[in-house]
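> What shape does this take:
(one chain, ligands or ions: 2)
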Amino acid sequence: MSILVTGGAGYIGSHTCIELLNAGYEIVVVDNFYNSKRESLKRIAELSGKEFTFYECDIRDKEGLDKIFKAEKIDAVIHFAGLKAVGESCAKPLEYYDNNIAGTVCLCEVMKENGCKKIVFSSSATVYGSNNVSPLKETMMTGGTTNPYGTTKYMIEIILSDLFKSDNEWSISILRYFNPIGAHKSGRIGEDPNGIPNNLMPYITQVAIGKRECLGVFGDDYDTHDGTGVRDYIHVVDLALGHVKALGRALNQPGLDIYNLGTGTGYSVLDVVKAFEKASGVTINYKIAPRRPGDIATCYSDPSKAQAELGWKAERGIEEMCADSWRWQSTNPNGYPD
Ligand code: NAD
Ligand code: UD1
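Ligands and ions are numbered 1, 2, ... in the order given. Below is the predicted model of the structure:
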């Protein structure tokens, strides 16, 4: 059983590749290294003890993708490749629409032409917009996204659902991730952001290692237990295992299924800071800063559908997430070598 993993060199993709190899799948990875390094592929092989095929290819390169499908017997695709920075998407909307939407359309065309109709797609809790009240359920309204990145995820969900309506032989699994943090237990792979991190955990770990002076806590006047924003942080290995479960279902039955992948528990920014300090023994210098435009007070999942239908549940708690993020950052202070 051979699975094509687009964006497999990236943060979530690399962790998922390991769990797929551990589960006995053969994988073929495609990445253009826009936001990742070749070293992560070496470490996937090191940690899994298994070899796999890799192609450096852009998913918008239809001919290149077609050659891969002709050379390999691909049974299903897990599609991570895409751009993900909210701020950058506001500055460069066309790049985001091109990479994420045109890239996904190109991939689906090549899949269809080669008779491969099974795909697991990386969506995001961002598709719920700002008007739904947590816990967020898959049946709630989506849309009302506030930035081009979020809009690409919303639009791709619509494209995939139209594809399924046109041909119900497709197996499409849309996974809405909440806030992935943490790293592989070994500390050998993890999140390696370029420049100043936008997201909370990489910012905290960079303050802890001394690369940044102080964490800005974006707002302490939200309607939450301590006034700071509440999110559903999920360990990236739990997330990776969710993909293995979703893939298993997609391989066995056609359909369009949407699942939240979260823990169902919300933590505030200050809860995360405290949990990180406890797990690492390092004190985090922080100060309260203005709210970040576009942020909402509270966002957490109802993950019960994934448990009922996939038999998947997040197992790792916030302290383990913090300890694993810290092990990765402290043993790889500059991320992956070039
Ligand atoms: P990442 O940037 O670490 O990984 C994405 C990978 O895709 C990178 O290796 C990048 O080089 C590759 N890529 C980008 N464009 C490509 C293209 N056109 N052709 C080939 N490869 C390309 O990001 P991640 O955190 O691992 O996220 C994976 C997916 O999950 C993305 O689609 C992202 O939008 C989605 N997602 C991420 C989060 C999160 O917080 N990390 C949350 C929700 C959804
Ligand atoms: C962000 C994206 C979202 C994306 C998700 C996962 C925005 C507005 N939203 O969500 O589209 O799907 O990442 O990649 O960027 N915080 C601080 N200081 C910081 C960084 C963050 O206080 O330096 C706070 C935020 O205000 C928020 C929480 O920490 O309350 C989590 O922020 P972040 O990690 O950026 O994730 P989200 O905003 O939930």
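> Every contact and neighbour count from this point should use C-alpha atoms.
Will do.
> Pull out the buried positions in the longest helix seen in the chain.
When the chain is parsed with DSSP state H, its longest helix is helix 148-166. By neighbour count with 16 or more other Cα atoms under 10 Å, helix 148-166 contains the buried residues 148-157, 159-161, 163-164.
> Could you list the residues in contact with the helix or strand following that helix?
Remark: after helix 148-166, the chain's next helix or strand is strand 171-177, criterion DSSP states H and E. Here strand 171-177 makes contact (Cα atoms under 8 Å, 6 or more residues apart in numbering) with 117-125, 157, 160, 164, 239, 246-247, 250-251, 253-262.
> The stretch of helix or strand residue 120 belongs to pairs with which strands, and in what direction?
Counting by DSSP H and E, the element that carries residue 120 is strand 118-124. Strand 118-124 pairs in its sheet with strand 76-79 (parallel), strand 171-177 (parallel), by DSSP bridges.
> closest to ligand 2 out of those strands?
strand 171-177 (7.5 Å; Cα to the nearest ligand atom).
> taking the mean pLDDT, what do you get for the closest one?
For strand 171-177, mean pLDDT rounds to 98.
> who in the protein is up against ligand 2?
86, 124, 126, 150, 179, 198-200, 203, 215-218, 229-231, 269, 292, 294-295 (Cα under 6 Å from any ligand atom).
> For the stretch 151-300 of the chain, what lies in contact range of ligand 1?
177, 179, 180.
> The second one is in contact with residue 233, isn't it?
Read it as residue 179. Yes. Between residue 179 and residue 233 there is a contact at 4.5 Å, judged by Cα atoms under 8 Å.
> Am I right that residue 234 sits in a strand?
Yes. The assignment for residue 234 is a strand, going by DSSP: H, G, I helix; E, B strand; the rest coil.
> So for residue 179 and residue 233, which sits in the more crowded spot?
More crowded of residue 179 and residue 233, by other Cα atoms under 10 Å: residue 233, with 27 against 22.
> So that one versus residue 141, what's the distance?
Using Cα to Cα, to the nearest Å, residue 233 is found at 22 Å from residue 141.
> Verify the contact between residue 123 and residue 153 for me.
Yes. Contact criterion Cα under 8 Å: residue 123 and residue 153 qualify, at 5.7 Å.
> Identify the contacts common to residue 179 and residue 233.
With Cα under 8 Å, 6+ apart as the test, residue 179 and residue 233 both reach residue 262.
> And the helices in the protein, which stretches?
Counting by DSSP H, the helices of the chain are 11-22, 39-48, 62-71, 86-91, 93-96, 103-113, 148-166, 200-209, 236-252, 269-280, 304-310, 318-331.
> ok, the closest residue in space to residue 164 that isn't next to it in sequence - how many residues close by?
Counting by Cα to Cα, 6 or more residues apart in numbering, the nearest residue to residue 164 once its immediate chain neighbours are dropped is residue 170, at 5.8 Å. Using other Cα under 10 Å, residue 170 has 23 neighbouring residues.
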